[in-house]
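1. Structure of the sequence below:
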Amino acid sequence: MVVSKTLPIILFLFGVVASIFSPSPFVVIICFASLAGSFLLLWSPKDLPILLLPICLQWLAVSIKPIQTFVLDTEIDLLTERGAPLESAAIFGFLGLFCMAIGMYLGKVNRGQDTVSMITAEARTWPPRLILICSLLAIALGHVLSATSMGFGPLRQVAHTMAGIQLAGLFTLTFWCLVNRVHYPLLIFVLVFETLSGMMGFFSSFKESLLAIAIAIVSARPKLNVSAVVAGSAIAALLMSTMVFWSAIKGDYRVFITQGMSQQHAYRRADVTINDRLNYLADKVSNFDQEQYADGFARLSKRQSYIDFLAQTMQHMPEAEPHTGGAQTGEAIRHILMPRVLFPNKPAVAHDTEVTMKYTGLAFTSANITSISIGYLGEFYADFGYGGALACMLIFGMIIGRMYRFIMNYQNGSLLVNAALAAMMMMPFIFFERALIKLIGATLIAFVAALLLQRIAIPQVLKILSRGHETFRAFHVKGPQKKRAPSSRTHYPVGPGW
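-> Numbers count the residues shown, from 1 in each chain. Below is the predicted model:
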């Protein structure tokens, strides 16, 4: 039973049934139909579902309030937080994401090759010591770059993006362990470490780590069988529980680590040790009850739902203010074409909250310290209206699809490394609420970082670490112009005996 054929049908039928119990039935049908269509386009048993990750996570940001309509038996417009009607904004959001999925499908141009089988076969050829050293080294390097990125001056954004090699390491380790069915205790230890380390600071940096592991699990188990369902359910439950817990305690926790300071960067000056933070979190876990879970779930749902600002923008424009004709998109493109390292006097861009106030007509008293964005789809709408925004989503999806295929089609190296870097490259693209200028910049930098790692850094590291494994070097390091089929490669023994 293949998920690419059955799951979209299940999703659509579920949406039809759910719409019966919803006071806003049309938006519920569109909600699940768009997700089902995205699965049909982007999930194949022969290809990795990496492109589906950003679509699903952004879909979640749009779908929370449509889902609440049949759970709470409430019309979607009654769930508005700022007065603007939500139904048209939700439908527009779903259509925009589906247009992006179409663009990704057209851009990735999979010519029918069985990518999953090829990478699975290659994963069995990696010498165990080599895969463990490489993946753990990548994870450690990512943590170091993330912790020191602010010290890189004008290159701090590049350093922060290069820290995504941590996610590539997590993907590689998880995929290899699952394919070879070994070292599960190590994988669990890494999972726990990433979760705890991600809670040590002001922000929750564990989300991307858990998502990288999740996409590796799904990539290693692309068919809908019992083990895939169990693994998928377990990682989904873990991610949800962790996010709910963090949503419930993060306010008090931030006060604790900043010692009452209000600024986000204050935790760097606070004299709160790692041991104190771990003890605080352990105490919160031990006392976490059903009431706190319900509170955390409500906070998480409110935080992740992100169509109110889009609805407010659609209500404000063009009645109160005309569409800009491309001002936001043009500014975002000019910004990435003028890197600050080459143009140190480049003027600062408008604050996200200032853009939101301009295009929504809202006012925020904390605009100077809070970053509030209408989301990149809202900015496309502010520039070009309905049709133009959907066209932009289609084009943007095609660009993302081509970037993905460009990384995946690289022949002079490891297919597994290609997949890990492709997964790393998608992470900046998972937020529906991200400002357009930040999204375009982060996406381009992530693509360039993946290229540098793929073409320069990783081959050199593999040459050093793979000495003594000549068969492996011949296929994954030296870069022959035409590789033999993965099934012809030497298989290294794995398991406790290595």
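2. now the chain, which segments are flagged as low pLDDT?
-> 1-5, 111-112, 153-154, 201-204, 222-232, 260-271, 339-348, 365-370, 468-498 (pLDDT under 70).
3. Leaving out sequence neighbours, find the closest residue to residue 297.
-> Once flanking residues are discounted, residue 297 sits nearest to residue 244: 5.1 Å by C-beta to C-beta, 6 or more residues apart in numbering. Quick note: C-beta positions are derived from backbone N, CA and C, even for glycine.
4. my read: the one you found touches residue 301, true?
-> No. Counting by C-beta atoms under 8 Å, residue 301 is not a contact partner of residue 244; they are 9.5 Å apart.
5. Neighbour count for those two, which is higher?
-> residue 244 (21 against 15; other C-beta atoms under 10 Å).
6. Contact partners for that one?
-> Residues near residue 244 by C-beta atoms under 8 Å, 6 or more residues apart in numbering: 293, 296, 297, 300.
7. Would you mind giving these as CSV with secondary structure and neighbour count added?
-> Converted to CSV, the contacts of residue 244 look like this (DSSP: H, G, I helix; E, B strand; the rest coil; neighbours: other C-beta atoms under 10 Å):
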residue, secondary structure, neighbour count
293, helix, 15
296, helix, 20
297, helix, 16
300, helix, 18
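8. As a markdown table, those with distance to residue 252 would be great.
-> Output for those, formatted as a markdown table (distance: C-beta to C-beta, whole Å):
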| residue | distance to residue 252 |
| --- | --- |
| 293 | 15 |
| 296 | 12 |
| 297 | 17 |
| 300 | 16 |
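9. for those, which one is nearest residue 56?
-> The closest of the contacts of residue 244 to residue 56 turns out to be residue 300 (C-beta to C-beta; 16.3 Å).
10. who's in contact with the closest one?
-> Residue 300 touches 243, 244, 247, counting by C-beta under 8 Å, 6+ apart.
11. That one - nearest residue in space that isn't next to it in sequence?
-> residue 247 (4.1 Å).
12. Residue 282 versus the one you found, what's the distance?
-> As for residue 247, its distance to residue 282 is 18 Å (criterion: C-beta to C-beta, to the nearest Å).
13. what does residue 38 give?
-> From residue 38 to residue 282 the distance is 39 Å (C-beta to C-beta).
14. More neighbours: the two, which one.
-> More crowded of residue 38 and residue 282, by other C-beta under 10 Å: residue 38, with 26 against 11.
15. okay but that one is in contact with residue 57, surely?
-> No. Using C-beta under 8 Å, residue 38 makes no contact with residue 57, being 11.5 Å away.
16. can you pull out the strands in the stretch 151-300 of the chain?
-> Ranges of strands in the stretch 151-300 of the chain, per DSSP state E, counting those that start in this stretch: none exist.
17. buried stuff in the helix or strand harbouring residue 443?
-> Assigned by DSSP states H and E, residue 443 belongs to helix 436-452. Buried positions in helix 436-452, judged by neighbour count with 16 or more other C-beta atoms under 10 Å: 436-447, 449-451.
18. which helices and strands sit right next to that helix?
-> Counting by 3 or more C-beta pairs under 8 Å, 6 or more residues apart in numbering; DSSP states H and E, the packing neighbours recorded for helix 436-452 are helix 156-162, helix 327-337, helix 376-408, helix 415-426.
19. hmm, try it at 10 Å
-> helix 156-162, helix 165-180, helix 327-337, helix 352-360, helix 376-408, helix 415-426 (3 or more C-beta pairs under 10 Å, 6 or more residues apart in numbering; DSSP states H and E).
20. Centre of the chain to it, how far?
-> Distance of helix 436-452 from its chain centroid, counting by C-alpha atoms, centre = their mean, to the nearest Å, is 13 Å.
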